[in-house]
Each structure stands twice: as structure tokens, then as C-alpha cells.
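J.: following is a predicted model, sequence given first.
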Amino acid sequence: MANIRHPIVDVHTHVYLPQYAAELRARTSAPRILNWTNGVKTEERLLILDGEPSGGRPVGPQYWDRDEKLEFMRRHGINISFVSSANPWLDFLPADRAQTLAHELNNNLEEYCATSPPAEGFSGLKTLYGFGLLPLVPDVEVSAIVQAIEYLKSLPHIRGIIMGTKGIGKGLDDSALDPIWDAIQAARLVVFIHPHYGVDSTAFGENDNGHVLPLALGFPFETTIAITRLILSGVLDRFPDLRLLLAHSGGALPQLSSRLASCVQHDPIVANRLKHDLRYYLGQLYFDAVAYGPEELTFVSRTISRASAFKNGGGTVDSVVGSSRLLFGTDHPFFPPLEASQKWPSVESNLAAIRGMPSVDSKPEHQANILGLNALRLFDLHDQVYT
């Protein structure tokens, strides 16, 4: 396949579908979209949490207009995007409304993707595919969520589910989620785990640092805690074929994995709970490559590559495994340039980070995997490109 063109595939790109944006505009408390006036200028702002810095962030057509998404892709050479509704999803809604809106938004997203243009140069594929929504709120019957999973499986352009860290209210380690994990595993849908709530904002102090601390630290640590809880609860032992994709390169989980493993080994409550050393489970996960630096991505890759060595009964380090579980992402439409720019520095940083990875990860075939082929394999679309 040396002379075959490889795609660039974005697995971390968001949309606020028009119906969802309308839902937020109708609200009077966070999350909401509100009109914000600064002097003589009035603009719409998205406020996703109470007390958010700067009164939220400016929003516009790039958040919901498909043509804007496609133009962004064209500008950055992205062939295919797996689009997900952005946080806070349906967490703030009562059960009945969450169920109704989830169904409607999933149908809207299917149409959004199904009517997108073909992926240029890749016959049989669309430009856009999607992560659907589940009504993951308290008081929704688990059986109704399982039915929603079965419905998502029937939508040909919905290839996964985006999920926050609360589950149905008690976190991703809640045993009540087991029928949901089982249904997702059976449907072979990818679960994109994405943060929203961050950590206790009092830890960020009183100085005005904009969104830097909540986004750079709060979000990744939320993911780190949620996935550690999921692992410690044995979810990956009970459902070993789950396809979990972690936002922001898994937060601090790779960097803290050995410390976590040591704590598990020395704690009588959890020491014998898991089938394997905690570090083994990082090799069961997928990580987006939204880390912005080659050194950080290389660390994640090597942490994944060593995971099999921690299998109960013994294993070996496989230096090529790491790059097989990293996937390119942009986090569009967030992190736009502060000034007008042909290309987004945030996207260029992620591309440069992948292309700047040293050692085994620098091989062209491994970079092609991270940039796109891993995603096509994960979402069961690879055979439609290379047959």
C-alpha cells in the first residue's frame, strides 16, 4: 500500500445541532446560549457551567452550520470527521425530555452525516459520520437506554456514542450501567468518553485566568478520575471488547498509571479485585491525539505499548501497539485563532505533534495509522477504503 493515499480522520470534533442550540437558547440558567453585550457589541455566548469565566464563550455558525464544518475540514486537509454533540449533552434535562430529545437529535445527526458529500478520494465513504446520544440521566429506565443503543445501531452513519463521566448519575463505575455496557459491546459501537464538569473550581484560586485552568487541568483530571474508577470497578474485565475512546489523550491517566498500580497493590480493599495489573488496562483503551506536543504523545504511546507486559501470567512489550491506539482529533469548533487565520494553530499543533513523534512512532505507516487508519479500523470502515 506504499503508493496508496491515506486519509486524515478527525475523531474529536463537535457540533451543536440547530435543535440543540434552540434548546439552550430557551433556557434561563446554565447550560444556555444567551445574548451578551459588551459596550455596543451584542453577541451570542455559550455558558455551559454556572460561574464560567468571561461569561462563557462566543458562539456562531461554526458551532452548528455544516458548511462551516466542511470548510474547516477542507482548509486543514481533513478527509473524514466523526462528529459528536458537545457537552453538556442531555445531563441537565428531566428524563422524559432527555429521551425525546436524544431520539430527535440522533435522527438529526444521521441526516447531517448521510447527506454530507462523499469523502474525496475515498470511494464509498462519506465526509461525516457521528457519535449518537443516549438519555443518560437519573430516572430513565436502563431498558429504555438499551433500546436507544439498539436504535443507534440501525443508523448507518452513527458509529458510536459520546458519553460524559456521570453515567446515569453515579459515575462510570456504577454497576447499574452493566446492561448498557453489555449492549454497547454487542453493538460494536465506539464510546467517546468526554469530560464536562472538571474538578472543584475553588482549586483554581481567585485570579482571573480565563478558561485556562478549567480546560487545561479540570477537564483532563475529570477524565483521569472517571476512567480510573471505571477500571477499578472491573468494567474492562467484565466487558473486555468495549471500545472506549478517551478525550484529550486520556488526561493524566498514562502519567499516573504506575502510581495508581502501586496504590492498588498496597491497598487490601482493591489489591485482588482486578484480573490484571492496572497498567494492563491502558492497552484496552483508545486515546485521541489531542495533546499538542510530540513528547506528550510519545509518552502516551509508550505507556500503551508496555501494557501487555502487565497481563496476569506475563506478557511482552510491543513497541508498535501504542501508535495503533492513538487517533487524530481537532476539538473543533473550540480553540479558534484569536486573530483571523487561514489555519487554526491548535490543529496545526496536533498535526505537528503526530509528525514529530520520534523512534518507532516516526515511521510513515505508524503516522498514517494515527492520522486516519486507526479510526477507520476502530469504526469498522477500513475495508470500505482498502478492498
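T.: Sure, I can see it.
J.: verify the stated contact: Phe179 with Val146.
T.: Quick fix: residue 179 is Pro, not Phe. Yes - the pair Pro179 and Val146 passes the contact test of Cβ atoms under 8 Å, sitting 5.8 Å apart. Where C-beta positions appear, they are placed from N, C-alpha and C, glycine not excepted.
J.: got the phi/psi numbers for the residue lying closest to Ser116 once chain neighbours are set aside?
T.: In space, and not counting its chain neighbours, Ser116 is closest to Leu128: 3.9 Å by Cβ to Cβ, 6 or more residues apart in numbering. The phi/psi pair for Leu128 (degrees, to the nearest 10) reads phi -130, psi 140.
J.: what about Leu128, distance to Lys343?
T.: Applying Cβ to Cβ, to the nearest Å, the value for Leu128 to Lys343 is 20 Å.
J.: the longest helix in this structure is where?
T.: Assignment by DSSP state H gives helix 95-114 as the longest helix of the chain.
J.: partner strands of the helix or strand that comes right after that one, with direction?
T.: Using DSSP states H and E, the helix or strand that follows helix 95-114 in sequence is strand 128-132. Take DSSP bridges as the rule and strand 128-132 pairs in its sheet with strand 80-85 (parallel), strand 158-163 (parallel).
J.: mind saving the C-alpha coords of the last one as PDB?
T.: The one in question is strand 158-163. The C-alpha trace of strand 158-163 is given here as PDB (Å, rounded to 0.1, in the frame of the first residue of the first chain):
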ATOM      1  CA  ILE A 158     -23.900   6.800  13.500                       C
ATOM      2  CA  ARG A 159     -20.800   4.800  14.500                       C
ATOM      3  CA  GLY A 160     -20.500   5.400  18.200                       C
ATOM      4  CA  ILE A 161     -21.800   7.200  21.300                       C
ATOM      5  CA  ILE A 162     -20.500  10.200  23.200                       C
ATOM      6  CA  MET A 163     -20.700   9.900  26.900                       C
END
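J.: can I assume Thr223 is in contact with Gly250?
T.: Yes - Thr223 lies in contact with Gly250 (Cβ under 8 Å); the separation is 6.6 Å.
J.: more neighbours: which of those two?
T.: Gly250 (27 against 22; other Cβ atoms under 10 Å).
J.: who touches that one in this structure?
T.: Taking Cβ atoms under 8 Å, 6 or more residues apart in numbering, we find Gly250 in contact with 223-224, 227, 282, 285, 287, 300.
J.: does Leu193 have beta-bridge partners, and which?
T.: Actually, residue 193 is Ile. It isn't Leu. Met163, Leu246.
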